[in-house]
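A.B. asks: could you look at this predicted model? Sequence included:
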Amino acid sequence: MKINENFLKLESSYLFSTVAKKQKEYQEKHPDKEVIRLSIGDVTKPLVPAVISAMHKAVDEMADESTFRGYPPEHGYDFILNAIQKNDYANLGIDIKTDEIFLSDGAKSDCGNIGDIFSVDNKVAICDPVYPVYLDTNVMNGRTDIIYLPCTAENGFMPQIPKDEIPDVIYLCFPNNPTGVTVSRKQLKEWVDFALKNNSLILYDAAYKAFIVDDSPKSIYEIDGAKKCAIEFCSFSKTAGFTGVRCGYTVVPKELVFNGQSLNPFWARRQATKFNGVSYITQRAAEAVYSEDGKKQTEDVIKYYQRNAKVIYDTLTNEGFKCFGAVNSPYVWMQTPNGMSSWEFFDDLLDNCQVVGTPGSGFGKSGEGYLRLTAFGNYEKTVEAVERIKSVYGKDK
Ligand code: MLT
């Protein structure tokens, strides 16, 4: 038996596992200290009442033989695909058909699995820093031809279109994880035009679109021509607090044709073979997000997290820290104080303030010197965390 040696090329532990392990070790050594976690982008508010009541109803249906459901349709029940189509696309004036939408257990799995449908020989462009899933899953698959697109303070954390090399596949995520910046329509159009011109595929992660408050595009398909060059990943995790429930969807337009093959049946085939669909209860829960009550209630939760982002950003900025993101995003990307490296500041912050962030360098080389803080915590704890940071690293110190 030969192992997949590509795994040896990875960091031995996934970034968020390392961070969680460090927090656990600290907490075991200091059981009396209250650690505040602003690291992984995991939600803390409960599911909204409209979702809970839809789930209860679905559980009751599962308890009765006349309404019980077994295997779901492999790509999602019509009721949820119709709700997604209407609310997330038709309402934006975008023509996406229900058989171009594939329901799944979340954007992370789909972003990781999508590499099954394209060759290992492709040249892949990813941002640096980046959500580690894009890079790690390409390494696992044996793709080594990677173009890094540095996103730094100098370029406003915006990936620049490569000049010397043409990538076959381009990962983009807006609003961005981890930097929190978002893309304008004009900038996104430049990427779409570049992909169309060079026959490249854009993999667009829109998991954080619910945080957009201005005119930034919520979907890449708002840009003309994107249906010919882009796959889009969406998630109910950050939109509706489904990190533990698990549900997302991926759009693979039929117009997406490479080497004379439409990618839509490729993804349909991949999913039908390796994935057995999302549970009925979860699909009803997701449908409820689009009900009148569900929309209003989830918007209120997003506003709650946006208030957290603002308090982190405003407090730290007033204290002289350089911070980015926070608007259109649940993440604040802060420069470390006193020239500390990301991991030095992570350790220092844990020791001195009992606050956990995510070291920027864990997202890539260009993330060195930054720390990511999430706004998905409880408001009072978030305020307490930034007050602690202020008392140790603030301008009076
Ligand atoms: C993050 O913290 O970057 C996200 O929570 C990770 C994820 O969505 O998988």
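C.D. replies: Yep, it's here.
A.B. asks: can you tell me the closest non-neighbouring residue to Y89?
C.D. replies: I96 (4.2 Å; Cβ to Cβ, 6 or more residues apart in numbering). In short, each C-beta sits where N, CA and C put it, glycine included.
A.B. asks: for C151, grab phi and psi.
C.D. replies: Main-chain torsions, C151, degrees, to the nearest 10: phi -120, psi 110.
A.B. asks: quick one: contacts for it?
C.D. replies: Shown in contact with C151 (Cβ atoms under 8 Å, 6 or more residues apart in numbering): C127, D128, P129, F157, M158, P159, N176, T179, V181, S366.
A.B. asks: near the nearest residue to it once chain neighbours are set aside, how many other residues are there?
C.D. replies: Using Cβ to Cβ, 6+ apart and skipping the chain neighbours, the partner closest in space to C151 is F157 (4.3 Å). F157 has 22 neighbours, counted by other Cβ atoms under 10 Å.
A.B. asks: repeat that for the one 5 residues further on.
C.D. replies: Around P162 sit 16 other residues, with neighbours defined as other Cβ under 10 Å.
A.B. asks: list the contacts of it.
C.D. replies: Neighbour list for P162: A125, I147, L149 [criterion: Cβ under 8 Å, 6+ apart].
A.B. asks: contacts only, for the second one.
C.D. replies: So that's I147. Neighbouring residues of I147 by Cβ under 8 Å, 6+ apart: K123, V124, A125, I126, P162, E165, P167.
A.B. asks: may I have the predicted confidence score for the closest residue to Q297 other than its chain neighbours?
C.D. replies: Leaving aside its chain neighbours, Q297 sits nearest to V48 (3.6 Å; criterion: Cβ to Cβ, 6+ apart). V48 is assigned 98 on the pLDDT scale.
A.B. asks: enumerate the residues of the stretch 1-150 of the chain near the ligand.
C.D. replies: Contacts of the stretch 1-150 of the chain with the ligand, taken as Cβ under 6 Å from any ligand atom, map to I40, G41, D42, K108, Y131.
A.B. asks: filter those residues to the buried ones?
C.D. replies: I40, G41, K108, Y131 (16 or more other Cβ atoms under 10 Å).
A.B. asks: the first one is in contact with L373, isn't it?
C.D. replies: Think I40. No. I40 lies out of contact with L373 (Cβ atoms under 8 Å); the separation is 11.2 Å.
A.B. asks: shared neighbours, these two?
C.D. replies: Listed as contacting both I40 and L373 by Cβ under 8 Å, 6+ apart are T358.
A.B. asks: can you tell me the SS state at the closest residue to M140 other than its chain neighbours?
C.D. replies: In space, and not counting its chain neighbours, M140 is closest to N6: 5.3 Å by Cβ to Cβ, 6+ apart. Secondary structure state of N6, per DSSP: H, G, I helix; E, B strand; the rest coil, is helix.
A.B. asks: ok, back up a step: so the residue nearest to Q297 sits right up against G241, yeah?
C.D. replies: Yes. With contact defined as Cβ under 8 Å, V48 and G241 form a contacting pair (7.4 Å).
A.B. asks: so what sits against both of those two?
C.D. replies: Here V48 and G241 share the contacting residues T298, V301, scored by Cβ under 8 Å, 6+ apart.
A.B. asks: T152 and S366, how far apart?
C.D. replies: Distance, T152 to S366, using Cβ to Cβ, to the nearest Å: 5 Å.
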